[in-house]
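Engineer: Could you look at this predicted model? Sequence included:
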Amino acid sequence: MADDISGATIQLPVPRTSGVVSVEETLARRRSLREFAAEPLSLAELSQLLWAAHGITEPGGGYRTVPSAGALYPLEIYLALADGFYHHNPRRHTLRRQQKHDLRQQMAWVALHQAAVATAPAVLVFCAVFKRTSRTYGRDAQRYVPMEVGHAAQNVLLQAVALGLGGVPIGAFHEDQMHALLGLPADHSPLYLIPVGRPQA
C-alpha cells in the first residue's frame with residue numbers, strides 16, 4: 001500500500017458517494033482481470049472497495065451497500081496486502097492487522113496455483129459466519145448467504161472499474177487449507193477471493 005499503515009489499526013478515508021463513471025459504463029466495461037501492474041493501491045482506493053463490499057450507507061444506521069436476509073449481515077471481509085493480512089470493520093471503517101506476513105503467494109498455492117492471487121496488490125477475502133443467518137432462517141441460510149456474497153463481490157468488481165482498476169472473482173480453493181493459512185476464527189467460512197489491481201500498461 002502506498003500510504004503508511006505501520007500501526008495495528010488503520011482508519012480508512014471517508015468513501016465517496018458520487019463519481020464520474022455511470023453504473024451503465026461500469027457494467028459495460030467489467031471484465032475479469034488476471035494480470036496486474038505492481039503498483040500498490042492507495043488507502044483511498046482500498047477504502048472505496050471495502051465500502052462497496054459491505055459498507056455503511058446511513059450515518060448512525062445499519063443500512064449497507066448490499067442486501068442481506070433479515071439484515072443479519074453474515075459476511076466478514078479481509079484484505080491481503082504485501083505488508084500483512086487485515087480485517088475490515090464496516091461500522092468503524094477501519095482495518096486491523098491480523099498477520100504481518102505477505103500471504104498472497106501461499107494463498108495462490110491453496111487457490112489451485114492461480115497466479116492472480118499472488119500478483120495482485122490487494123486480495124479481498126470474503127468470509128461468512130453462517131450461524132448469524134441460520135439462527136433465524138435455519139437451513140435456508142445455505143442459500144441466502146451465498147446470494148449475499150455474490151451481491152458484495154459484484155459491487156467490488158464494479159467499483160474497481162469505476163476507479164480505473166480491475167479484479168477477478170475466484171471461488172476455486174481448498175477451503176480448509178485457506179482457513180488455516182489465514183488464521184480465521186473457527187466460525188468463519190472463506191467463500192470468495194477477489195484479487196484487485198491496476199491493469200498492466
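Structural biologist: Thanks, I have the structure now.
Engineer: elements contacting the longest helix anywhere in the chain?
Structural biologist: Ranked by number of residues, the top helix in the chain under DSSP state H is helix 141-162. If contacts are counted by 3 or more CB pairs under 8 Å, 6 or more residues apart in numbering; DSSP states H and E, helix 141-162 sits against helix 23-29, helix 43-54, strand 75-81, strand 122-128, helix 130-137, strand 166-167, strand 189-197. Backbone N, C-alpha and C define where each C-beta goes, glycine included.
Engineer: So for Asn155, which of these sits nearest?
Structural biologist: Across the helices and strands packed on helix 141-162, Asn155 has its closest neighbour in helix 43-54 (4.4 Å, CB to CB).
Engineer: about what we covered before: please identify the most buried of the helices and strands packed on helix 141-162.
Structural biologist: strand 166-167 (a mean of 26; mean count of other CB atoms under 10 Å).
Engineer: Tell me the buried residues in the helix or strand that that one is followed by?
Structural biologist: Next along the chain after strand 166-167, taking DSSP states H and E as the criterion, comes helix 175-182. Neighbour-count burial for helix 175-182, counted by 16 or more other CB atoms under 10 Å, picks out 178-179, 181-182.
Engineer: What is the least confident helix or strand in the protein?
Structural biologist: One helix or strand of the chain scores below all others by mean pLDDT, DSSP states H and E: strand 9-11, with a mean of 94.
Engineer: Show me what that strand is packed against.
Structural biologist: So strand 9-11, by 3+ CB pairs under 8 Å, 6+ apart, packs with strand 94-99.
Engineer: any residues touching the strand it packs on, and which ones?
Structural biologist: Contacts with strand 94-99, where a contact means CB atoms under 8 Å, 6 or more residues apart in numbering, come from 5, 8-12, 46, 50, 78-79, 84-89, 182-183.
Engineer: okay, now the closest residue to Thr57 other than its chain neighbours: neighbour count?
Structural biologist: Once flanking residues are discounted, Thr57 sits nearest to Tyr63: 4.9 Å by CB to CB, 6 or more residues apart in numbering. By the criterion of other CB atoms under 10 Å, Tyr63 has 12 neighbours.
Engineer: Could you list the low-confidence segments of the chain?
Structural biologist: Applying pLDDT under 70 to the chain picks out residues 1-7.
Engineer: Let me have the helices and strands packed on helix 141-162 in JSON lines, extended by distance to Ala108.
Structural biologist: Putting the helices and strands packed on helix 141-162 into JSON lines (distance: least, CB to CB, whole Å) gives the following:
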{"stretch": "helix 23-29", "distance to Ala108": "26"}
{"stretch": "helix 43-54", "distance to Ala108": "20"}
{"stretch": "strand 75-81", "distance to Ala108": "10"}
{"stretch": "strand 122-128", "distance to Ala108": "9"}
{"stretch": "helix 130-137", "distance to Ala108": "26"}
{"stretch": "strand 166-167", "distance to Ala108": "15"}
{"stretch": "strand 189-197", "distance to Ala108": "9"}
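Engineer: who wins for proximity to Phe173 among those?
Structural biologist: strand 189-197 (6.7 Å).
Engineer: Mind checking which residue lies nearest the centre of the protein?
Structural biologist: Among the residues of the chain, the one closest to the centroid is Leu124, at 3.2 Å (CA atoms, centre = their mean).
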